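**Q** with the sequence up front, the predicted model follows.
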Amino acid sequence: MNVHFIAIGGSAMHNLAIALSRKGANVTGSDDEIFEPSRTRLEKQGILPTSIGWDANRISSELDAVILGMHAREDNPELLKAKELNIPIYSYPEYLYEQSKNKTRVVIGGSHGKTTITSMLLHVVNELGMNVDYMVGAQLEGYDCMVKLTEDAPVMILEGDEYLSSPIDRRPKFHLYRPNVAIISGIAWDHINVFPTFDNYVDQFDIFCSLIEPNGTLIYNTEDEEVNKLGEKYASTLNAIPYKTPTYEVAEEGTRLFFDDEIFNLKIFGGHNLQNLMGAMRLGEAIGIEPKEFFRAVQSFTGAGKRLQKVAEKGAFTMFKDFAHSPSKLKATTKAVKEQFAERHVVACMELHTFSSLKKEFLPHYKDAMKMADEAVVYYSPEVVKHKKLEPISKELVAEGFGGNVTVMNETEEVLQFIRSKKWNNAVLLMMSSGNFDGINYEALGEELSNI
């Protein structure tokens with residue numbers, strides 16, 4: 001197989017390119033910019049483009065397929081040449097389906113919890129020595145590639161993102177996987193630049209359910225109102241399996257989970273994580289893993305990368321970083337930390353970074369999202385707002401959106417000064433962002449605060 005990637009440097013695309021190369025395909029690619037860690041990973045695999053930029057001469061009739069990344073434009077010269085030569089053109093999710101169409105496809109969907117549920121399931125699968133293919137949307141510890149493709153694995157586990165497939169295919173990615181087993185963890189309006197209304201966004205999950213293979217399985221979170229509606233709607237045509245947060249207790253080192261007259265000691269904490277765990281357990285059950293076997297194996301799971309990831313801990317000071325950025329994620333993460341560290345002073349800082357979060361009309365959705373913190377800071381950069389070509393927002397507007405229980409800042413240095421001014425004995429610092437707070441080094445900050 002000769003496969004060419006247009007926009008090979010993307011976080012998802014370079015993982016698929018590496019996986020295909022490892023499977024034995026002859027992989028080439030191009031991009032107008034390739035950043036780390038994509039550059040080093042592609043170079044190590046021997047498939048880093050020799051030059052940066054687009055070149056139609058890279059496209060020839062010898063190619064079996066072209067895979068088109070979201071970063072490319074519709075007028076990309078390589079794309080136009082591929083069309084001219086009638087070479088099959090796939091989006092990233094389309095090609096994943098091609099590679100898994102003869103396997104049992106397990107698709108994890110939902111506005112939040114996807115990476116965590118996928119990570120939990122993969123952890124158990126690895127503990128039990130099961131052979132599966134997979135695609136995960138985030139870098140996980142212990143993995144050098146987030147896509148695995150083989151001929152012999154009977155199951156493929158896919159994290160089902162609802163964002164668009166490619167510049168020429170405006171369907172959400174998870175509409176293309178046609179799962180045999182699917183889960184929806186929650187529905188909270190996101191990607192408002194693509195899905196202009198909440199109803200339009202919910203419709204995408206309805207379509208996802210309708211695309212589950214006949215006699216397939218839908219696992220759904222009954223504690224989410226919109227998800228529960230879909231579970232009930234499809235109960236007559238699919239094997240619909242509900243789940244909810246289990247009975248548990250906060251423990252010093254994590255959580256005690258009670259299930260079927262047995263106690264399981266977990267390293268993770270937070271109601272939303274326990275809820276995700278139950279969904280992952282039901283997915284495991286659907287591919288032949290007994291529930292108690294699942295919980296025994298998951299006891300060594302310490303969490304998904306950047307999801308309540310411990311940065312520093314010394315005495316009665318702990319610092320976490322988290323990918324939370326949407327209202328539902330902020331609320332769940334802040335609540336989980338305060339519940340786990342009820343006797344400590346919790347300071348939560350978050351960065352408004354995504355298109356949705358910086359949009360004036362969306363800010364009211366953040367109402368009370370950080371109210372469980374003892375102190376809360378919201379940071380945003382006016383330059384990022386400008387770069388995204390959005391209407392300017394003010395500190396007052398942001399504070400009003402969050403309900404007034406936050407301090408709003410525009411300068412990274414101001415956030416750092418605020419943090420450094422605090423006493424960190426018997427306290428927790430929670431840093432939440434889908435960006436990087438304009439380059440704050442979390443590890444260095446954690447070490448600094450540990451030694452105050």
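**A** All right, it came through fine.

**Q** ok, the closest residue to residue 19 other than its chain neighbours - contacts?
**A** Nearest non-adjacent residue to residue 19, counting by CB to CB, 6 or more residues apart in numbering: residue 147, 3.8 Å away. Quick note: C-beta positions are derived from backbone N, CA and C, even for glycine. Counting by CB atoms under 8 Å, 6 or more residues apart in numbering, residue 147 touches 15-16, 18-19, 96, 134-136.

**Q** which of these lies closest to residue 115?
**A** residue 136 (6.5 Å; CB to CB).

**Q** surely the closest one touches residue 121?
**A** No: with contacts counted by CB atoms under 8 Å, residue 136 stays clear of residue 121, the gap being 9.9 Å.

**Q** list the contacts for residue 312?
**A** Applying CB under 8 Å, 6+ apart to residue 312 gives the contacts 318-319, 443, 446-447, 449-450.

**Q** what's the farthest-apart pair in those?
**A** Largest pairwise distance in those, by CB to CB, is 14.0 Å, between 318 and 443.

**Q** ok, those two, which is more surrounded?
**A** The residue with more neighbours, out of residue 318 and residue 443, is residue 318; 22 against 11, by other CB atoms under 10 Å.

**Q** closest to the centroid, which residue in the chain?
**A** residue 115 (4.5 Å; CA atoms, centre = their mean).

**Q** so what pLDDT did the nearest residue to residue 77 once chain neighbours are set aside get?
**A** Nearest residue to residue 77, sequence neighbours excluded (CB to CB, 6+ apart): residue 56, at 4.4 Å. On pLDDT, residue 56 comes in at 97.

**Q** I'd like the distance between residue 56 and residue 90.
**A** Distance, residue 56 to residue 90, by CB to CB, to the nearest Å: 19 Å.

**Q** neighbour count for the two, which is higher?
**A** residue 90 (19 against 15).

**Q** what sits against that one?
**A** Going by CB under 8 Å, 6+ apart, the list of residues near residue 90 reads 65-68, 98.

**Q** in terms of helix, strand or coil, where does it fall?
**A** Of the three states, residue 90 takes strand under DSSP: H, G, I helix; E, B strand; the rest coil.

**Q** returning to what we had before: so of the contacts of residue 90, which ones are in helices?
**A** The helices, defined by DSSP state H, take in residue 98 from the contacts of residue 90.

**Q** which one of the contacts of residue 90 is nearest residue 204?
**A** Among the contacts of residue 90, and counting by CB to CB, the member closest to residue 204 is residue 68, at 20.8 Å.

**Q** do you know how far the closest one is from residue 74?
**A** Residue 68 is 10 Å from residue 74, by CB to CB.

**Q** now residue 335
**A** For residue 335 relative to residue 74 (CB to CB), the value is 43 Å.

**Q** what values do phi and psi take at residue 218?
**A** With angles defined as degrees, to the nearest 10, residue 218 sits at phi -120, psi 120.

**Q** how deep is it tucked in, by neighbour count?
**A** Neighbour tally, residue 218, other CB under 10 Å: 25.

**Q** kindly report the same for residue 280.
**A** Using other CB under 10 Å, the number of residues around residue 280 comes to 29.

**Q** same question for residue 407.
**A** For residue 407, the neighbour count with other CB under 10 Å is 16.

**Q** dump the residue contacts of it.
**A** Taking CB under 8 Å, 6+ apart, one finds 375-378, 399, 418 in contact with residue 407.

**Q** mind checking the SS state of residue 361?
**A** Applying three-state DSSP: residue 361 is helix.

**Q** repeat that for the one 3 residues further on.
**A** Reducing the assignment to helix, strand or coil with three-state DSSP, the entry for residue 364 is helix.

**Q** distance of it from residue 400?
**A** Relative to residue 400, and taking CB to CB, residue 364 is found at 8 Å.

**Q** before we move on, what about residue 286?
**A** 45 Å.

**Q** more crowded one of the two?
**A** Comparing residue 286 with residue 400 by other CB under 10 Å, the one with more neighbours is residue 286, at 20 against 15.

**Q** among residue 335 and residue 74, which residue is more densely surrounded?
**A** More neighbours surround residue 335 than the other of residue 335 and residue 74, with 18 against 10 (other CB under 10 Å).
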